[in-house]
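>>> Quick one, fold the following:
(chains A and B)
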Amino acid sequence: MRVQMTVNGTTKEADVEPRLLLVHLIRENLGLTGTHIGCDTTSCGACTVLLDGRPVKSCTVFAVQADGRSVSTVEGLEQGGVLHAVQEGFTKEHGLQCGFCTPGMMMTSVALLERNAAPTELQIRQAISGNLCRCTGYVNIVKAIQYAGTKLRETKAEREPAAAGRA
Amino acid sequence: MAVEIGGIGHSVQRKEDARFIRGRGNYVDDVKLPGMVYLDIVRSPYAHARIVKIDTSKALAIPGVLAVITGKDLVPLKLEWMPTLMGDKQMVLPTDTVMYQAQEVAAVVATERYIAADGVAAVEVEYEPLPVVVDPIKALLPDAPVIREDRAQKNNQIWHWEAGDKAGTDKAFRESDVVVKQDIYIPRIVVASIETCGMVAQFDKIDGQLTVWMTTQAPHAIRTVIALVAGHLGLAEHKIRVISPDIGGGFGGKVPVYPGYVLTIGASVLTGLPVKWIEDRSENIQADSFARDYHITAELAAKKDGTMRALRVKTVADHGAFDAAANPSKFPAGLFGIVTGSYPFEKAFVEVDGVYTNKPPGGIAYRCSFRVTEAAFAIERLVDILALELKRDPADLRLQNFIPPQAFPFMSTLGWEYDSGNYAGALKLAMDKIGYAALRREQAEKRKRGELMGIGISSFTEIVGAGPSKHFDILGLKMFGSCEIRVHPTGKATVRLGVKSQGQGHETTFGQIVAEELGLPVADIEVEEGDTDTAPYGLGTYASRSTPVAGAATAVAARKIREKGKLIAAHLLEASPDDIEWKDYKYQVKGVPAKSKTMAEVAFAAYTNHPQGVEAGLEAVDYYDPPNLTFPFGSYICVVDIDKGTGEVKVRRFFAVDDCGTIINPMIVEGQIHGGLTMGLAPALFEEINYDKDGNIQGGTFMDYLLPTAMETPSWETAKTTTPSPHHPIGAKGVGESATVGAPAAIANAVVDALAHLGVRHIDIPITPWKVQRILKEKGVAE
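Numbers count the residues shown, from 1 in each chain, chains lettered A, B, ... in the order given. Here you go, the predicted structure:
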């Protein structure tokens, strides 16, 4: 089957079997290996990408279901040589060790901060509870997301001083 | 400790993060070679069965399936069995009998990943079930079916190991006022690193060169094992290159040689094509090596004033169908001899029997390879049981009994020389930080109101850094550390080590050691690991050995460079080498600080203007044979609240004081402790692999095998004391597994403490809501 989708802002086309999982399309056909596979039961979240801005576990989505939609992966976070605040937060706060869960964890974080720029610790923990990390014990991941939230709010305030004033 | 250099003691940002946060890590499954084909594995649904027939015809008829490999195909190659790291042997593929559920039965090679899976589904295997032995204690009974008919010894005992003074211990028990005894089962668990295991193998038929990219924590050892196992097929060690690229967590699960690796290499040799094999999560949980599975009976004898005198421990260790653990040769029960813990017992006797059952091989790591967690859990639970028996505060009882700081180096009754420690210092700091006295008052008030709150302590002693060549080897290979440093003409350095990071941040921390020793900025130092063609030979990373052995080798290699550099600096400064000193990260003429040369200047001269009689270049290598192990320690205090309705245990607070000697990078050490604590929480409350009576695994996926998420994991609180190792070149001890060793007992002790007034003395881990609720019902306090 022919599918077409926007991946990190670029239109991509592929001819795929109906059973092909989105994660395999991303990794094998498109060569974007930053999205990882950690389980076969939709439990670990290493394969998390954004589908039309919402986090999904791409091991549980068929490639054909993404037809005509927009997919964002870790490779699209850095823009024009500038790291996304979430990427910066993860390294500054030591929110990663082996790096395997990190791309999925960061995509979930990006989606959280898009809908809630100032999450509480509990909201952060709830948001990432579908992403397993075996290395960090989550404490520094929470700090990384808090760091990113603060940075995103500050950037927004600089860009839109009037709006920030009203808020 | 100059900030601009980023030497020892600085929280230098990790170098490896730059690629990981961009999705540019290079893990085994990211390796893609032209013409690469895929391997997938047929596994047994039975725990013990005779293979009547394997029909591969339907699989071979699928377009794209290139080959199906069975045990019979391996016989002419003499590859159907392989040696294990423990001197046992293990099936690569069975020729007639399977020994455990999910054991490899056949391998399918196909052009695509999905087609390989189709091939696996199409292989038809006829089995005839055989009697199953699941319980290792029953496995030792005289009438138990013999699992390993291939052995000369016709029972299920693998080995018996013991240490200590049996008669002296028995005498001390007879003479003591108080004896406490407890059966403790430490269940079978699996490391479940988020990256599963896998390999890409590429064999070049023309030049006989084999290159493998592999999820391994010990690439050099693997290279030697491949040469030993398949040397008769022409795979020679100088033509084998093992690359361990980025590893998505290891924790010990990536030390063993799994049949899938051998099959992948075999398939590449057979087809002449590059072959990739990546496990599914369910295969990883069901078939890879397990940890723990210790059935312990522990007894402690004490005086009525609380002085602990003697310890007696008997253990049955379930090793599954093959003894494929990864302990040093002389220590089949690992370093379980650390079971006397932080206390100066007069006498101790410990014995362990390794037993075969119809389960996958057990006895490897879960962030603690060498049975230290089992030992720490047993002693720290027993101390709490003694405190209950004597109606003593568990903190007071520990403070009364600790080995005092002035007693180090301390020779334990089981023969380990503890290098340094201040156990009371760590516990007092933890009590102070968490507010122990106030928590006890709160608990007393809550108890009056019927609320269940518990406080648990664990004051563990670790034993890491294997190890001195006198005692430590795996397959005869001595467990030294290794490091090679090359300082280039422009003052930049390449550092290569025989260990392999799996997330520990070696590229940063080992760079910091070199920065500290040579005065070069850490940014100018590139650390490389995991390629046997370039790195010096080493036994890899596990059991918290990297910093104790390879960190030491790094410091010593750097000091060799500094010694040579002194001759060059003397030449440049027109002074005698005796008048040159290394001060403030520079060579200086003694008493004349203005006359100095940096390491970068000396490096340039080493290639452009070296003194006559001194070799050009500035390189050094060191193979470090540690004089002793290192003994990190810590005291943890855990506070739990128990829901009387659901039985759920909520970890409210957890304060960890760790002492791992000199700290190289505080940020990374704290991260290691956070992760270790979470892998201590996991078996304490959630994780367990069970089997039914037919040997069917209960919970072989992440749906049932419950890794802690961010919701169950508390916000860990940490502090440190620093007691350097006296024998390590920079005083470091290692930290990776400490928290996993220490945490389970603190949590279990807290839960038992919450229920102690109801008469509860012990609950086996994992302490699930179901277990707690059953106790609450029994005691009539469930809501």
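>>> As a check, name the ranges of all helices in chain A.
A:22-24, A:85-92, A:102-115, A:121-127, A:139-159, A:161-166 (DSSP state H).
>>> do the stretch 551-700 of chain B as well
With DSSP state H, counting those that start in this stretch as the criterion, the stretch 551-700 of chain B has helices at B:552-572, B:599-608, B:666-685.
>>> And the average pLDDT for the last one is what?
What it means is helix B:666-685. Taken as a whole, helix B:666-685 has a mean pLDDT of 98.
>>> and the next element down the chain from the least confident helix or strand in chain B by mean pLDDT?
Across the helices and strands of chain B, the lowest-confidence element by mean pLDDT, DSSP states H and E is strand B:473-474, at a mean of 92. Sequence order places strand B:477-478 as the next helix or strand after strand B:473-474, per DSSP states H and E.
>>> Name the residues that touch that next one?
For strand B:477-478, the external contacting residues (CB atoms under 8 Å, 6 or more residues apart in numbering or on different chains) are B:A221, B:T224, B:S469, B:F472, B:L539, B:D625. Yep, even glycine has a C-beta here, placed from its N, CA and C like the rest.
>>> Quick check, the third one in contact with B:L539.
No. With contact defined as CB atoms under 8 Å, B:S469 and B:L539 do not form a contacting pair (11.1 Å).
>>> Spit out the residues that contact these two alike.
B:K478, B:M479, B:F480.
>>> Which of these sits closest to chain A?
Distances from chain A to the shared contacts of B:S469 and B:L539, taken as CB to the nearest CB, are shortest for B:M479 (23.5 Å).
>>> For the closest one, report the pLDDT, please.
B:M479 is given a pLDDT of 95.
>>> so who does it touch?
Contacts of B:M479 (CB under 8 Å, 6+ apart): B:P328, B:A466, B:G467, B:S469, B:F472, B:D473, B:L539, B:R545, B:V549.
>>> Go ahead and confirm the last one touches B:P627.
No. With contact defined as CB under 8 Å, B:V549 does not reach B:P627; the gap is 11.2 Å.
>>> out of the two, which sits in the more crowded spot?
More crowded of B:V549 and B:P627, by other CB atoms under 10 Å in any protein chain shown: B:V549, with 34 against 13.
>>> Show me the shaky parts of chain A.
A:162-167 (pLDDT under 70).
>>> let's see it at 80
Applying pLDDT under 80 to chain A flags the ranges A:160-167.
>>> What parts of the stretch 301-450 of chain B come near chain A?
Residues of the stretch 301-450 of chain B lying near chain A by CB under 8 Å from any CB of the partner chain: none.
>>> Quick check: the residue of the stretch 301-450 of chain B nearest chain A.
Closest point on the stretch 301-450 of chain B to chain A, by CB to the nearest CB, is B:R367, at 9.1 Å.
>>> For chain A, give me its nearest residue in chain B.
B:G23 (1.9 Å).
>>> List the contacts of that residue.
By CB under 8 Å, 6+ apart, B:G23 lies in contact with A:L32, A:T33, A:G34, A:T35, A:T73, A:V74, A:E75, A:P103.
>>> What is the nearest of the residues you listed to chain B?
Once CB to the nearest CB is applied, the member of those that ends up nearest chain B is A:G34, at 1.9 Å.
>>> Spatially nearest residue to that closest one, not counting backbone neighbours?
B:G23 (1.9 Å; CB to CB, 6 or more residues apart in numbering or on different chains).
>>> okay, the one you found: pLDDT?
98.
>>> What parts of the stretch 601-750 of chain B come near chain A?
Residues of the stretch 601-750 of chain B lying near chain A (CB under 8 Å from any CB): B:667-668, B:670-672, B:674-679, B:701-703, B:707, B:709-711, B:713, B:715-716.
>>> Quote the end-to-end distance of stretch B:15-27.
Counting by CA to CA, to the nearest Å, you get 17 Å between the two ends of stretch B:15-27.
>>> still on that earlier bit, which of the residues of the stretch 601-750 of chain B next to chain A count as buried?
Among these, the ones that count as buried by 16 or more other CB atoms under 10 Å in any protein chain shown are B:667-668, B:670-672, B:674-679, B:701-702, B:707, B:709-710, B:713, B:715-716.
>>> ok, the residue nearest the centre of chain A - contacts?
Geometric centre of chain A, nearest residue: A:M107, 1.1 Å, by CA atoms, centre = their mean. Remark: with contacts taken as CB under 8 Å, 6+ apart, A:M107 is in contact with A:T48, A:V49, A:L50, A:P55, A:S72, A:T73, A:V74.
>>> Please flag which of the contacts of B:M479 sit within strands.
Residues of the contacts of B:M479 located in strands (DSSP state E): B:D473.
>>> Neighbour-wise, which one of the contacts of B:M479 leads?
Neighbour tally across those (other CB under 10 Å): the maximum, 34 neighbours, falls on B:V549.
>>> Quick one: residues contacting the residue lying closest to that residue once chain neighbours are set aside.
Nearest residue to B:V549 in three dimensions, chain neighbours excluded: B:G481, at 2.9 Å (CB to CB, 6+ apart). Contact analysis of B:G481 by CB under 8 Å, 6+ apart lists B:497-499, B:538, B:545-546, B:548-553, B:623-624, B:626.
>>> Chain A - how does it break down into domains?
A:2-76, A:85-162 (automatic domain parsing).
>>> ranking these by burial, who's on top?
Compared across the domains of chain A, domain A:85-162 shows the largest average neighbour count, a mean of 22 (mean count of other CB atoms under 10 Å in any protein chain shown).
>>> Who are the contact partners of B:V522?
B:I5, B:G6, B:G7, B:V12, B:T508, B:G511, B:Q512, B:V514, B:A515.
>>> again, but for B:A122
Listed by CB under 8 Å, 6+ apart, the contact set of B:A122 reads B:K58, B:A59, B:A61, B:I62.
>>> Packing partners of the host helix or strand of the second one?
Take DSSP H and E as the rule and B:A59 turns out to sit in helix B:57-60. Here helix B:57-60 is seen to pack against strand B:65-70, helix B:113-122 when contacts are counted using 3 or more CB pairs under 8 Å, 6 or more residues apart in numbering or on different chains; DSSP states H and E.
>>> just those: most buried one?
Comparing the helices and strands packed on helix B:57-60 by mean count of other CB under 10 Å gives strand B:65-70 as most buried, with a mean of 22.
>>> helix or strand for the residue of chain B closest to chain A, which one?
Applying DSSP H and E, one finds B:G23 in no helix or strand.
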